[in-house]
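Fold the following.
(2 chains, ligands or ions: 2)
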Amino acid sequence: MSEILIKNGHVFDVVSGVKGDAKDIAIKDGKIVDKVSSKAKTIDASGKTVMAGALDIHAHVAGPKVNLGRWFRPEDKWYRGQMRGGIVKETSRMEQGFSIPSVFRTGYCYGRMGYTFVMEAAMPPLYARHVHEEIHDTPIIDEAALPVFGNNWFVMEYLKEKDIQKTAAYIAWLMRVTKGYGIKVVNPGGTEAWGWGLNCLGINDEVPYFDITPAEITTGLIEANEYLGLPHSVHIHPNSLGDPGNNPVTIDTMKLAAKYKPNNKFGREQVLHMTHLQFHSYGGSGWGDFCSASKEIMDYVNKHKEITFDTGNVTLDETTTMTADGPFEHHLCALNHLKWCNVDVELETGSGVVPFIYSPNVFPCAVQWATGLELALLAKDPMRTMITTDHPNAGPFTRYPRVFKWLMSKKTRDEQMAAFKNSGKVADATILNELDREITLYELSQMTRAAPAKALGLSSTRGGLATGMDADVAIYDIDPTKMPTDPETIEKVFLNASYLLKNGEIVISDGQIVFENPKKMTFWVNAKAPENKQVNRDIREKFLRYYTVTQANYEVPDSYAPHPFVIETEANV
Amino acid sequence: MKTVTITMKNVPDLYLEGDMITPDQFAGKTNEEIAALRTYEGRETYCLGDNFEISGDAVGATPAETKIIVKGDCTKVKYIGMNMTAGEVVVEGSCDMYTGGWMKGGKLHVKGNVDSFSGLGMEGGEFTVDGNAGNFIGASYRGDWRGMQGGVLRVKGNVGSDIGTFMNGGTLIVEGNADVHIGTHAEGGTIIIKGNANRRIGGQMVKGTIYVYGDITYMMPGFQYTKDVELEVDGDKAVFAEYIGDLGERHSKSKGQVVYGKIYRKK
Ligand SMILES: [Zn+2]
Ligand SMILES: [Zn+2]
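Ligands and ions are numbered 1, 2, ... in the order given. Below you'll find the model as predicted:
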């Protein structure tokens, strides 16, 4: 394979501790190396910013829920999308859709933004094949998927017996047969309760029939996660998403993690990842006195190293909400009267999809916008802070550069704040105006590279530019010694990298996609747990009695993930 | 107002996407520049001048000062007048689907027929069709909830099915007959059918008004007769029977009174 030398760029990299100094990055055979021969192809990066390929820790980009959104929102492809992408001959595939882009557009757009790894945040195990088919069809980016466990019948039955070993044996089996990466929990117990027309709004609400609480599900899954020694921690969407005054539920959820220690060989330090925290950081008692509770939330997060989080920033767009939190989507549809889809996934989970307009003229939307930014600006440890939009729930991932701009420029935040229809009321309900902090490029490289890599247990190869790491490199046309006076430049630059290298192959050159099918991999975790005959029997039994498919047809065959990167783990017996 | 005439010289094999045929796109351009506007036919890209002869005096400096006359066989041209905000477009014959889609202002006059999805999501202006129109006239785009929102759309002939779906403003007048599904999901706006209307009128209607002069094959069971009223509709004075509905739908309140959708049948 060829050698490449990226010359004289301003490098921002936590792993090698470089904070914007001009430096050369040498690449050979897909890895970062100390030096290359004089025959290496050179890329002149002088006056530009060089970072590792970014990682997205939480986005909904593949599988049945995303596709349901694509089916029932043809209007998202039409006048809100790029109508004739295929005729613009930069890429070979047509690029459709705005909030729920096609798999091709998803890969191209992430690549253009300098991202090389994306975690599909909620894989319904029964439909894992569909998730892997879409992952396989998405160009450029490496991907992995988190199977959902928080409303799974097996998990609830084993945890009711407080049997961590059976729970872990089941999780290990399920991760292997679905080629999953870690443990995702969505509204623990609440989605199952929704099957009974109910919900779990607090961590001690009983799940009907199963006689277990969200708190017991969450702690049981944390114990199983650390018993298995998985690279990622439990990744939770807590109860009571989106409700005014939900911040105590969020803090209660985080407190559940306080007594646990990480136990893994991947350098991960958290035991609980709180996803789209913005949706869980609200005060008030209704929509009238709705307000941000970012301060209460971040006071807790800042003091607790066992917690990491991603923001879930609202981007003030028309978008499509989709979550395994079925009851939440029903609630949302009753608020906005737009169309609603609901799916029940047998013994495992459910989901709903509803379009949503985060209008700057609507008071709660503006408060949500401010709350998400406040979380990142109040965060003391950028290595535990990650930027997401919970794509597409709070906004499309293609708005990340706009979120970066807001975080990096108080001026643009002030302008947006002043532009809200209810700006005075919004200012009273939030603390954003008081926050002068502007995120630096170095902090941005932490929040979008090193932090997610570490939280996912991938820090030895991803999220940095140290010797021996994978040569995923993004080069942006921004000179840190002469930061642009117009903050709009920040958005423009991060929306389209000048160069992107994926495993040492040049994907983007001079801002154009020049090679759209570099090697891309599906990451999954082969977790080993001591064989448990009872669990094997229970699985057989449940397939015979309840599932609509046979056990043999459930497993995702290797042909569905033909380019795997398998991480092996051993249980901490 | 300055006038430019475009005349079809090569009828496309497939369908030509003609959304650049608007005063907004033409204003301030020379005839050569207009001929160079990019068009799409299937997956191929062409120039407007490949299909049309461009003639007449130079167009106006602004859309409002620009009038376009479209001549020749345009039955394979879609999207004429799409998104137009001002000025005037006159189509001498018939044209295809999506004519006047999302139109925001100005005048659009088609002397022949238009096909389905014309006036889709229309927000303003005047759009008149002398002949017949297809399905989904003044409706929302497939899947969308923003149908016709403003302006006046008048069809002098008959229309197909599903007109005014998700309509929430503006006036849609059909001087002939209309087929099934009229004003489905409407949350506002006015539909006037001067001929007969087929079944399923006002299904899931939340708000808005539908007038029918001729026969209605079947009324929706979700509508209830209230009283007879004398009204003047589009210049015609008559007595109408008033129905409220769709009783199966959610309805908001205004000043303590529930707001219903209304159907008026001419007596
Ligand atoms: Zn979620
Ligand atoms: Zn999510």
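
Torsion angles phi and psi at the residue in the stretch 101-250 of chain B that ligand 1 sits nearest to?
Nearest residue of the stretch 101-250 of chain B to ligand 1 (C-beta to the ion) works out as B:Gly143 at 23.8 Å. For glycine as for every other residue, the C-beta is placed from the backbone atoms N, C-alpha and C. The phi and psi torsions at B:Gly143 (degrees, to the nearest 10) take the values phi 90, psi -20.

Which element, helix or strand, includes the residue positioned nearest the centre of chain A?
Centroid-nearest residue in chain A: A:His58, 0.7 Å away (criterion: C-alpha atoms, centre = their mean). Here A:His58, judged by DSSP states H and E, is contained in strand A:54-59.

residues in the stretch 151-300 of chain A within reach of ligand 1, list them.
Within the stretch 151-300 of chain A, the residues that sit near ligand 1 (C-beta under 5 Å from the ion) are A:His237.

residue in the stretch 151-300 of chain A nearest to chain B?
A:Trp287 (16.7 Å; C-beta to the nearest C-beta).

Identify the spatial nearest neighbour of A:Gly242, chain neighbours not counted.
A:Phe279 (5.2 Å; C-beta to C-beta, 6 or more residues apart in numbering or on different chains).

With A:Met274 instead?
A:Met274 sits nearest to A:Phe309 (C-beta to C-beta, 6+ apart), 4.2 Å away.

where's that neighbour, which helix or strand?
strand A:307-310.

Determine the set of other helices and strands touching that strand.
The contact analysis (3 or more C-beta pairs under 8 Å, 6 or more residues apart in numbering or on different chains; DSSP states H and E) places strand A:307-310 against strand A:272-274, helix A:294-303, strand A:385-386, helix A:451-455.

list the contacts for the most centrally placed residue in chain B?
Among the residues of chain B, the one closest to the centroid is B:Gly119, at 2.8 Å (C-alpha atoms, centre = their mean). Shown in contact with B:Gly119 (C-beta atoms under 8 Å, 6 or more residues apart in numbering or on different chains): B:Thr99, B:Gly100, B:Gly101, B:Met103, B:Phe127, B:Ile137, B:Gly138, B:Met148, B:Leu153, B:Leu172.

same check, this time on A:Phe494
For A:Phe494, the contacting residues are A:Met113, A:Gly114, A:Tyr400, A:Pro401, A:Phe404, A:Lys405, A:Tyr476, by C-beta under 8 Å, 6+ apart.

Got phi/psi on the residue of the stretch 151-300 of chain A closest to chain B?
phi -70, psi -20.

Identify the spatial nearest neighbour of it, chain neighbours not counted.
A:Pro364 (5.6 Å).

In three-state terms, label that neighbour for me.
State at A:Pro364, reduced to three classes by DSSP: H, G, I helix; E, B strand; the rest coil: helix.

How confident was the prediction at the residue of the stretch 101-250 of chain B closest to ligand 1?
On the pLDDT scale, B:Gly143 is placed at 92.

Ligand 1 versus the residue nearest to it when sequence neighbours are not counted, what's the distance?
Distances taken as C-beta to C-beta, 6+ apart put A:Pro74 closest to B:Gly143, at 4.1 Å, once the chain neighbours are dropped. Per C-beta to the ion, to the nearest Å, A:Pro74 is found 25 Å from ligand 1.

Tell me the confidence at A:Pro74?
So A:Pro74 comes in at 91 (pLDDT).

repeat for the one 10 residues further on
On the pLDDT scale, A:Arg84 is placed at 57.

cool, A:Glu90 as well?
pLDDT, A:Glu90: 67.

And stretch B:4-14, what's buried?
For stretch B:4-14, the neighbour count (16 or more other C-beta atoms under 10 Å in any protein chain shown) marks B:Val4, B:Thr5, B:Ile6, B:Thr7, B:Met8, B:Pro12 as buried.

now do stretch B:67-81
Neighbour-count burial for stretch B:67-81, counted by 16+ other C-beta under 10 Å, picks out B:67-72, B:74-81.
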